[in-house]
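Requesting a structural model of the entry that follows:
(chains A and B)
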Amino acid sequence: MRTGVASVVALEDFIQAVQSQLDTAQARMTLKAQNDRLPLTFAIRDISMDLKAHVEVQDGQVRIKPAGSGDTEASVLHLVFTAITRPMIEENAVQLAVDTKDDTPLTELSDELSEEEIRRLDRVGVRTVAKLNEMRQQGLGRSVGRITNLPLEKLERVLSRATRPMISEVEVDGDRQGGDTLRRQLRVRGRNLLRDGSPPRATIDGQPVGIVQATDTEVVLAPRDGQLAGQMSLAHDDIATTQVWFDLTPHLETPQLDPALSDDRLAPHQGYVQ
Amino acid sequence: MTAPRRPLDEMLGELVAGLGAIGARGAEAFAATGIAPSSVEFDLPVEASIEHRGGRWVVLADSPRTRLRTEFDRPASRITARIALERPA
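Purely as a prediction, here's the structure:
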């Protein structure tokens, strides 16, 4: 982690730091005014700053280096900040739903997003997978990508992987012995089983399976003969597919375990997600 | 040994706190005259830098340590802060 005096810092990080500190100062002053019960109170209305710094552009990003000792040739960066009121924020903000408590925070996607990328998304109020998905649904994905300097393709890939179907249980309804194959159904439970209201594509061993009904936590499949075991795949897109091995065929005798095969392939109901 | 530079928010907080006396006495003056100060503007030289502390960037902005600048001092930047009356009595 970086600590101490910065050599070069992105302009957006500098501005973000000033904004955050102005906010802290305003909050502290409001608290003091309330505690002291002053009849007249003052608040910072606007701030302008003439910062002596060196300015450079690298990879499309404006970076600054505050002038150091004996630095007589530094540029002057003129920054103006104005305090905005809560009604102004509410008036101009994009109306977004409140995060749900069981939503996945972006910090849990550290294998997909770097700490810095998560911080950039946090700055625009995107802290959860649901919020990111909501912005994509509103057609704001490109704007988020531009503001946070994250490629749209990466955001879509992250979102796709984070919202791919998750399978927790597979069970069979109807006669497992094959009596009435038309009424036999596979009940798949999990989450993220709907995206934008549509069920995932489902295959077993590469062969499509019909979907009878679907909710976000349960999909009912209509398997054909020979589809009570194998590799089930559920996918909303071509980016992220969830696969699980299952075996719900009738076992009249306990099979001899072949040590050459992994436990995953032998255990009914138990699958692994790729 | 020089004092450590303060973060920008502490410096601004101190400026506003310094106006507390105006806030306390201003109400009486307003009642007597019908006139109250509406804003105060500070235009200050500051030594500015930025540090990474506790996972975030912090802007340090504090009064210059000396009135006369030498080659060993960081060149002074300027901050103009307009501090306005928040609510009349």
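
center of chain A, which residue is that?
Centroid-nearest residue in chain A: A:Val129, 3.0 Å away (criterion: CA atoms, centre = their mean).

Identify the residues contacting that residue.
Counting by CB atoms under 8 Å, 6 or more residues apart in numbering or on different chains, A:Val129 touches A:103-106, A:109, A:159, A:162-163. From N, CA and C alone the C-beta is placed, and that goes for glycine too.

Helices of chain B, start to end?
Taking DSSP state H, the helices of chain B run over residues B:8-17, B:20-33.

relative orientation of the last one and helix B:8-17 in degrees?
Counting by axes from the mean of the first three to the mean of the last three CA atoms, to 10 degrees, helix B:20-33 lies at 30 degrees to helix B:8-17.

packing partners for helix B:20-33?
Taking 3 or more CB pairs under 8 Å, 6 or more residues apart in numbering or on different chains; DSSP states H and E as contact, the helices and strands that helix B:20-33 lies on are helix A:11-36, strand A:41-58.

so which of those comes closest to A:Leu248?
In terms of CB to CB, the element of these nearest to A:Leu248 is helix A:11-36, at 53.9 Å.

For the chain, give me the ranges with low pLDDT.
By default, I'm working from chain A. When residues are selected by pLDDT under 70, those of chain A lie in A:1-6, A:34, A:36-39, A:84-102, A:174-183, A:251-274.

The chain in question should be chain B.
Under the criterion pLDDT under 70, the flagged ranges of chain B are B:1-3, B:23-24, B:26-27, B:87-89.

could the helices and strands packed on helix B:20-33 go into JSON lines alongside mean neighbour count and distance to chain B?
Shown next, in JSON lines, are these (neighbours: other CB atoms under 10 Å in any protein chain shown; distance: least, CB to the nearest CB, whole Å):
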{"stretch": "helix A:11-36", "mean neighbour count": "17", "distance to chain B": "4"}
{"stretch": "strand A:41-58", "mean neighbour count": "18", "distance to chain B": "4"}
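
May I see these organised as a markdown table, with distance to A:Leu113 added?
Shown next, in a markdown table, are the helices and strands packed on helix B:20-33 (distance: least, CB to CB, whole Å):
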| stretch | distance to A:Leu113 |
| --- | --- |
| helix A:11-36 | 17 |
| strand A:41-58 | 22 |
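
These: which one's closest to A:Ala83?
Nearest of the helices and strands packed on helix B:20-33 to A:Ala83, taken as CB to CB: strand A:41-58 at 5.7 Å.

Residues touching the helix or strand that the closest one is followed by, excluding its own?
Moving toward the C-terminus from strand A:41-58, the next helix or strand (DSSP states H and E) is strand A:61-66. Residues outside strand A:61-66 that contact it (CB under 8 Å, 6+ apart) are A:6-12, A:14, A:51-57, A:77, A:149, B:48-50, B:74, B:77.
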